[in-house]
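Peer 1: Here is my input; please provide its structure:
(one chain, ligands or ions: 1)
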Amino acid sequence: MLSRKDLAAERILITAGPTQEAIDPVRFVSNRSTGKMGFAIARAAWRRGAAVRLVAGPSALATPRGVERIDTVSAAEMLSATSRNFPWCSSLIMAAAVADFRPREPAAQKLKKNSRGLALDLAPIADELPRLAARKAGRILIGFAAETEDLEVNALDKLRRKRLDMIVGNDVSRSDAGFAVDTNIVTILDADGHIETTPKLSKDEVADVILDRLVARRAGKTRSTALRVSR
Ligand code: CTP
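Peer 2: Coordinates of the predicted model:
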């Protein structure tokens, strides 16, 4: 099938997968993300003509054809790779499930078993998106919201708090959507108040829906810029 090249003018930076926060040299804190959704977006974006850089957390998935992959492990590594590559991009899609907490002081040596148990002291990890939003210029910023309850309310709050153009809300409590499965059901909210819930689709199909919204938003931006210029 010949595909449309409607993203030929875009350089898209995508984050995908989980992060791992070290407890000691052999143990870590992580989450259930596998990278499937972010990798599907990278694959579709390249097929539609975009230049694509994929900042990946630990993921067993193969690098999609044509995509430049940057491997990272911890949230700090992922967020600094994203920040470093941000000037390059024209759009950012943050599909990664970045950790919100990390062990405050990872042990240098493997922790030994003991009968008292172990209390982990977790330090917060700062949210990167508002910092990137401050350097936004003409870029389109798309985030994800992984939720187990009140999807729309929480996603809308994140859209505003993180100053995004669009947020893709994901109910990760379902067995046919969210982490580690090949299908997804998402609710896409944008900064103009549009809201749309997809039926159950393959992650490849959801990727195309998200990229369709990106194309539409870019067309809107270009139109408003052209209007400003012509006056
Ligand atoms: N994100 C980020 N920097 C972080 C954590 C998350 O930029 N340190 C991004 C994610 O990649 C995602 C979006 O923010 O696009 C929402 O992530 P999520 O974990 O759902 O939101 P949080 O703000 O962490 O809210 P909470 O965990 O309380 O639901």
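
Peer 1: how about the residues of the chain that lie near the ligand?
Peer 2: For the chain, the contact set with the ligand under CB under 6 Å from any ligand atom comprises 15, 75, 79, 94, 96, 98, 100, 125, 127-129, 143-146, 158, 162. Bear in mind the C-beta positions are built from the backbone N, C-alpha and C, glycine included.

Peer 1: Spatially nearest residue to the residue positioned nearest the centre of the chain (excluding sequence neighbours)?
Peer 2: Nearest to the geometric centre of the chain sits residue 95, at 1.7 Å (CA atoms, centre = their mean). Counting by CB to CB, 6 or more residues apart in numbering, residue 38 is the residue found nearest to residue 95 once chain neighbours are left out, at 3.5 Å.

Peer 1: OK, contacts around that neighbour?
Peer 2: Going by CB atoms under 8 Å, 6 or more residues apart in numbering, residue 38 touches 14, 15, 16, 17, 54, 56, 93, 95, 96.

Peer 1: what's the burial count for the fourth one?
Peer 2: Other residues near residue 17 number 29, with proximity taken as other CB atoms under 10 Å.

Peer 1: My read is that it contacts residue 34, right?
Peer 2: Yes: between residue 17 and residue 34 there is a contact under CB atoms under 8 Å: 6.8 Å.

Peer 1: Overlap of the contact sets of these two?
Peer 2: Both residue 17 and residue 34 are contacted by 59, 61, under the criterion CB under 8 Å, 6+ apart.

Peer 1: could you pull out the strands for the chain?
Peer 2: For the chain, the strands defined by DSSP state E occupy 11-16, 21-24, 27-29, 51-56, 68-71, 91-94, 101-103, 122-124, 140-147, 166-171, 183-184, 186-190, 195-197, 201-202.

Peer 1: Adding mean neighbour count, write these out as JSON lines.
Peer 2: Shown next, in JSON lines, are the strands of the chain (neighbours: other CB atoms under 10 Å):
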{"stretch": "strand 11-16", "mean neighbour count": "26"}
{"stretch": "strand 21-24", "mean neighbour count": "18"}
{"stretch": "strand 27-29", "mean neighbour count": "17"}
{"stretch": "strand 51-56", "mean neighbour count": "25"}
{"stretch": "strand 68-71", "mean neighbour count": "16"}
{"stretch": "strand 91-94", "mean neighbour count": "26"}
{"stretch": "strand 101-103", "mean neighbour count": "18"}
{"stretch": "strand 122-124", "mean neighbour count": "12"}
{"stretch": "strand 140-147", "mean neighbour count": "23"}
{"stretch": "strand 166-171", "mean neighbour count": "24"}
{"stretch": "strand 183-184", "mean neighbour count": "22"}
{"stretch": "strand 186-190", "mean neighbour count": "21"}
{"stretch": "strand 195-197", "mean neighbour count": "12"}
{"stretch": "strand 201-202", "mean neighbour count": "14"}
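
Peer 1: Export those strands as JSON lines, with columns for mean pLDDT.
Peer 2: Below are these laid out as JSON lines (pLDDT from 0 to 100):
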{"stretch": "strand 11-16", "mean pLDDT": "98"}
{"stretch": "strand 21-24", "mean pLDDT": "98"}
{"stretch": "strand 27-29", "mean pLDDT": "97"}
{"stretch": "strand 51-56", "mean pLDDT": "98"}
{"stretch": "strand 68-71", "mean pLDDT": "98"}
{"stretch": "strand 91-94", "mean pLDDT": "98"}
{"stretch": "strand 101-103", "mean pLDDT": "98"}
{"stretch": "strand 122-124", "mean pLDDT": "97"}
{"stretch": "strand 140-147", "mean pLDDT": "95"}
{"stretch": "strand 166-171", "mean pLDDT": "94"}
{"stretch": "strand 183-184", "mean pLDDT": "90"}
{"stretch": "strand 186-190", "mean pLDDT": "95"}
{"stretch": "strand 195-197", "mean pLDDT": "94"}
{"stretch": "strand 201-202", "mean pLDDT": "95"}
